[in-house]
Every structure is written in structure tokens, then in C-alpha cells.
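1. fold the following for me, if possible:
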Amino acid sequence: MVSVIISGMAGVGKSTVAEIVAKKLNLELKIGGDILKDYAAKLGYKGTERNDFWDTEEGKSFLKLREHDSSFDKKVDEFLKELINTKEMVITSWTLPWLVENFHVKVWLKASQKTRAKRISERDHIPFEKALEVVKERDNENFVHYKKLYGIELDKDYSVFNLVIDTEFVKPDAISELLIIYYREYKIGTRNSK
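-> Model prediction:
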């Protein structure tokens, strides 16, 4: 089984690209951040259904709790690891590419902080300056969090990825088409190598 795992920093377009790829390939879609939001909701945090939950006071409060209790991330990662071994799907995840060794298409999407802030500003209807602040803060928190949790160097170690795509000037539809072509070829290649 070959799944597509899409990673990248906040605001890079992971969910948008994943939704397009999943729809076109007729595969199930799992957004890693949504599963983490489900844990937050179970703990009584409000507003988890919002796209900008992580930027709200409730979301930031949960992220602070998560800094001291890595069990949330580990539960999400274990769930995704089990799931990816049951069927082909499209998943967004910060960590899964480093945690699974099976034959999967692992993609890192990248863009500058300014571009990502612009996207978050438009998506969440907040001023650009506020979005840039959010991006810088989340980048720093995630660098520290995942380095501490798994020793992962986000946006530095691309060794586990099949593809690293700069999304700065490329639309999600074009990125999705590239991923679909690669995915189909990769599946044929893995089948032929057995």
C-alpha cells in the first residue's frame, strides 16, 4: 500500500493540496492537526472546529499544555501510523514521514514566512502583521517541540522525503498534479520491484 504524506510548516498549503490530491485519487483524507484538535475538544477546549483554532487563546492554551505533555502528539502519531498500514490514503502530518519506513510518497512543502503569513492572513481574515507574528511564533514553537519530542529538525532535514516542493509561486492545483503523477509512477515502481 502506498499513501501520500504531506508535511510542511504552518500556512504552506498542506491541507489545501492534500484535499485536492485525495479527491482526484479518490483516497481518504486525514488531517493530522484535526486529530490533535479532537483531543483538545475531548479535554473541553472550545472552537476546535475553526480553521484558526491554533491561533485563538483556547488553541494557544492547549499548545502550552501540549508542551509539557507529549502524550497528545504521540497518540496522534500512533493513530496515524496504524491507519496508514490499513489502507491507501492522503495524510498531512508534521512527523509521520520520519516515523514510518514503508513505501509511501513523502512530500515536504515549503514557502517563506511572509508568503505563509499572507496565506494565513487571507484564510483567517486577520491583518498580515498579526499573521506574520503567528507564523514566526508557531515556527519557533514547532522547531523546539518536535526536536525535543523526536529529534526531528523541521524544515532542515529533508532526507526522508521523496519530494521537496517550493510552493512560493506555484498554485495548489499545479502542485497537486505533480504529486498525482509522481504517486502513480511511484506505485508502479514499487509494484515492479517486488
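
2. looking at this protein, which helix or strand is least sure?
-> One helix or strand of the chain scores below all others by mean pLDDT, DSSP states H and E: helix 57-68, with a mean of 82.

3. C-terminal to that one, what's the next element?
-> helix 71-84 (DSSP states H and E).

4. counting contacts, what elements does that following helix pack onto?
-> helix 32-42, helix 57-68, strand 89-92, helix 96-99, helix 128-150 (3 or more CB pairs under 8 Å, 6 or more residues apart in numbering; DSSP states H and E). For the C-beta atoms, the positions are set from N, CA and C on the backbone; glycine is no exception.

5. of those, flag the one that's most buried.
-> strand 89-92 (a mean of 24; mean count of other CB atoms under 10 Å).

6. partners of that strand, with directions?
-> strand 4-8 (parallel), strand 28-31 (parallel) (DSSP bridges).

7. in CSV, list those along with mean neighbour count and mean pLDDT.
-> CSV is the format used below for these (neighbours: other CB atoms under 10 Å; pLDDT from 0 to 100):
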stretch, mean neighbour count, mean pLDDT
strand 4-8, 26, 97
strand 28-31, 18, 93
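
8. T48 is nearest to which of those?
-> strand 28-31 (12.3 Å; CB to CB).

9. okay, that closest one in PDB with CA atoms only?
-> Once non-C-alpha atoms are left out, strand 28-31 reads as follows in PDB (Å, rounded to 0.1, in the frame of the first residue of the first chain):
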ATOM      1  CA  GLU A  28      -9.500   9.000   2.200                       C
ATOM      2  CA  LEU A  29      -8.000  12.200   3.700                       C
ATOM      3  CA  LYS A  30      -6.800  12.600   7.300                       C
ATOM      4  CA  ILE A  31      -5.500  16.000   8.500                       C
END
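
10. give me the angle between the least confident helix or strand of the chain and helix 71-84.
-> Inter-element angle recorded for helix 57-68 and helix 71-84: 90 degrees (by axes from the mean of the first three to the mean of the last three CA atoms, to 10 degrees).

11. any low-confidence regions in the protein?
-> 194 (pLDDT under 70).

12. count of neighbours near R191?
-> 10 (other CB atoms under 10 Å).

13. which of the helices or strands spans it?
-> Assessed by DSSP H and E, R191 sits inside helix 172-192.

14. for that helix, packing partners?
-> By 3+ CB pairs under 8 Å, 6+ apart, helix 172-192 packs against strand 4-8, helix 14-25, strand 105-110, strand 163-166.
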